[in-house]
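Undergrad: Predicted model and sequence follow; I will ask about them next.
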Amino acid sequence: METVSVILIITGILFNLFGCIGLVRLPDVYNRLQSATKCVTLGTCSILLGVLFYFGFIDIGVKALVAIPILFFAATVAAHALVKGAYKFGVPLGDKSVRDDYKEEKK
C-alpha cells in the first residue's frame, strides 16, 4: 500500500506542478482558470487519495476521503462561476482563441 500511496502523491505533485506552469504560461484568464481547475481536481485529489492509502481509515484518512468530493465539486463550480463572471465583465479572449462558446450560446 505504501508504494501505491507514493505513486499517487507523486502523480498529484506533478499535476500541481503542471498546473502552476500553466498559470504562468497560458495567455488569458480562461485558459489559466482551466489549468488551475485541473491542477486542483486532479493534483490535490490524487494527493489526498495517496494520504488515504497511506494512513488507512483512521481520522486523517477519513478527512482526506471527505475532502476529495468537496474539493472536486467546489473547484469546478468556482471556476465556472469565475469564467462566466469574467466573460460578463468583458475580459477578452486570447489572440489565439478560435471559438467562443458563450457568444454562440447567446444567439
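TA: That came through fine. Just so it is clear, the structure is predicted and the values come from calculations on it, not from any experiment. Numbers count the residues shown, from 1 in each chain.

Undergrad: and the residue lying closest to F18 once chain neighbours are set aside, how many neighbours does it have?
TA: The shortest distance from F18 to any non-neighbouring residue, by Cβ to Cβ, 6 or more residues apart in numbering, is to C39 (7.2 Å). C-beta here means a position set from N, CA and C on the backbone, and glycine is covered the same way. The local packing of C39 (other Cβ atoms under 10 Å) involves 21 other residues.

Undergrad: and if you look at Y102?
TA: 12.

Undergrad: Tell me if I'm right that it and A86 touch.
TA: No - look at Y102 against A86 with Cβ atoms under 8 Å: they stay out of range, at 10.2 Å.

Undergrad: ok, back up a step: does the residue nearest to F18 sit in a helix, a strand or a coil?
TA: Put simply, C39 is helix when judged by DSSP: H, G, I helix; E, B strand; the rest coil.

Undergrad: ditto for G90
TA: Strictly by three-state DSSP, G90 counts as coil.

Undergrad: Work out for me the element G94 sits within.
TA: Here G94, judged by DSSP states H and E, is contained in no helix and no strand.

Undergrad: That one: what's it in contact with?
TA: G94 sits next to P27, D28, Y30, N31 when contact means Cβ atoms under 8 Å, 6 or more residues apart in numbering.

Undergrad: ok, of the residues you listed, which come out buried?
TA: Y30, N31 (16 or more other Cβ atoms under 10 Å).

Undergrad: which ones among the contacts of G94 are found in helices?
TA: Y30, N31 (DSSP state H).

Undergrad: Quick check: the two most widely separated of the contacts of G94?
TA: Among the contacts of G94, the pair separated by the greatest distance (Cβ to Cβ) is P27 and Y30, at 9.1 Å.
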